[in-house]
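Enquirer: Need the 3D shape of this:
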Amino acid sequence: MEEEAWLDLVGISADPPNRRDKCEKCKRPVVVCWCPALPHPPEAVSSQIVILQHPAEEKRSLRTALMLQLGLEPGKCVVYKGKRFPNKNHGELQGILDSPQTLLLYPSRDSVPLEEVDHSAGPYTLVLIDGTWPQAKAIYASSPALHRLRQVKLIAVGISDYIIRTQPTEGCLSTLETAAQCLAVLEARPELRNTLVRPLHTLCKFQLENGAVEHQSKEFLLKNNQYPKPIGKRLSRLLRNTTCDGNEDT
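Expert: Here you go, the predicted structure:
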């Protein structure tokens, strides 16, 4: 009996069991891959997007920054991870932040509408902070290099297409949507937004077909007396602001 049990143990493979095949690009299971919705070939743009990503974003299963990276030509979307920028691991970021052609999307008192920037003086590099609004504020506060950048904001942001995720306010967009809309403005190509956001539509469609439900923003729920729990101080402050950074994301 002991010998048979030993033989059974010997026959067990040391390798983990095979999991569902994953797409090499998006790293999602092939059956839920959104890569067919990416632009082919990737979009060629003169502008560059630099994403400063809070480490917590890596843990999110539905993050959208990768959609932007794959939707643009190589090198047109660069992601740096951290809680303070730049640091010794960020390579060329210091040079980018020192450039007069670099803009920061951030809703400060000094920010100007992106639509009013002299586009003929481009191409520009646009820096986005990827994280929740509290995370974005913390990154900004701890990164003096960002304070020196020209700051811009989007005026007509619309409502997020990321309908399977609850946003704080009606004007909050995912990182992908924010970048796509900014590129549409900077490149004077309105169609870019829909082209780059198409993978997000595909993702949401699949999730809805498999049990997910559409989410209204917390702002909408509060206005319609549908919010299920008491509102906290942080959300209350956020809702009093007229602008959101656009990175309650993926």
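Enquirer: and Asp130, what is it in contact with?
Expert: Applying Cβ atoms under 8 Å, 6 or more residues apart in numbering to Asp130 gives the contacts Ile51, Leu52, Gln53, His54, Glu57, Ala65, Val79, Ala136, Thr175, Asn247, Asp249. Any C-beta I mention is one placed from the backbone N, CA and C, and that applies to glycine too.
Enquirer: Could you export these as JSON lines, including pLDDT and distance to Tyr124?
Expert: Formatted as JSON lines, the contacts of Asp130 follow (pLDDT from 0 to 100; distance: Cβ to Cβ, whole Å):
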{"residue": "Ile51", "pLDDT": "96", "distance to Tyr124": "15"}
{"residue": "Leu52", "pLDDT": "96", "distance to Tyr124": "16"}
{"residue": "Gln53", "pLDDT": "94", "distance to Tyr124": "20"}
{"residue": "His54", "pLDDT": "92", "distance to Tyr124": "23"}
{"residue": "Glu57", "pLDDT": "80", "distance to Tyr124": "24"}
{"residue": "Ala65", "pLDDT": "88", "distance to Tyr124": "19"}
{"residue": "Val79", "pLDDT": "94", "distance to Tyr124": "18"}
{"residue": "Ala136", "pLDDT": "92", "distance to Tyr124": "20"}
{"residue": "Thr175", "pLDDT": "87", "distance to Tyr124": "18"}
{"residue": "Asn247", "pLDDT": "47", "distance to Tyr124": "19"}
{"residue": "Asp249", "pLDDT": "47", "distance to Tyr124": "22"}
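Enquirer: Nearest to Asn87, out of those: which one, please.
Expert: Nearest to Asn87 among those, counting by Cβ to Cβ, is Leu52 at 11.0 Å.
Enquirer: Which secondary structure element is home to the closest one?
Expert: Following DSSP states H and E, one finds Leu52 within strand 48-53.
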